[in-house]
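> Here's a sequence, model it:
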Amino acid sequence: MNSKYILVDIRKSDEVFSKHFDGKNMTNFYNIPMNMIRFNVEGLESHLQYVEKIFIICQSGARSQFIKDKYFKDNDKVIVDKALQFKNLNTKGENTITLSNGEKMTVFVNGSFAFNLYNLTRIIQLMLGSIIIMCSTLLWNNCSS
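Sure thing, here's the model as predicted:
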């Protein structure tokens, strides 16, 4: 990994748990969830004095483009490149990709798409939250009548 770039992974914790950049072979990457970027805009932009570009990365590029448009639209050094999104990277090991400007970059990825306990926890949280909302709505409707 060339030290002239920083990679910012904005995916949720369960996505990062399953598939992430390998820190043993790379040093210039951060995991900052999408909902936390707004608190880190100035800090990320201040890193541009040390690096040439910051790449925003998610699974497909849609969330990355949203963050770019919302917080960095006037900054040409903050980039979303489709080739660098996780859907285009191998599950494990070295990935040599060609960026949209023709430049080659090597990144190292670790993880798998296997089901894990973290995914199960999120599913249970969503189901329980939905049940609580439905029960609350039913109780509210019964009390109001």
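> all helices of this protein, in order?
Assigned by DSSP state H, the chain shows helices spanning 13-18, 41-46, 62-71, 117-144.
> okay, those helices in TSV with mean pLDDT, distance to residue 34 and mean neighbour count next?
For glycine as for every other residue, the C-beta is placed from the backbone atoms N, C-alpha and C. As requested, the helices of the chain are exported to TSV (pLDDT from 0 to 100; distance: least, CB to CB, whole Å; neighbours: other CB atoms under 10 Å):
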stretch	mean pLDDT	distance to residue 34	mean neighbour count
helix 13-18	77	10	16
helix 41-46	93	13	12
helix 62-71	96	5	16
helix 117-144	83	15	10
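> To residue 77, which of those lies closest?
helix 41-46 (8.5 Å; CB to CB).
> Identify the residues contacting residue 102.
With CB atoms under 8 Å, 6 or more residues apart in numbering as the criterion, no residue contacts residue 102.
> What's the separation between it and residue 81?
11 Å (CB to CB, to the nearest Å).
> Roughly how far does residue 141 sit from residue 45?
Taking CB to CB, one finds residue 141 at 49 Å from residue 45.
> Paired strands for the longest strand anywhere in the chain, with orientation please.
Secondary structure of the chain read by DSSP state E shows that its longest strand is strand 104-111. Paired neighbours of strand 104-111 in the sheet (DSSP bridges): strand 19-21 (antiparallel), strand 93-98 (antiparallel).
> Most tightly packed of these?
For the strands paired with strand 104-111, average neighbour numbers computed from mean count of other CB atoms under 10 Å are highest in strand 19-21, which has a mean of 21.
> Show residues contacting it.
With CB under 8 Å, 6+ apart, strand 19-21 has contacts from 7, 9, 29, 31, 86, 89, 91, 107-113.
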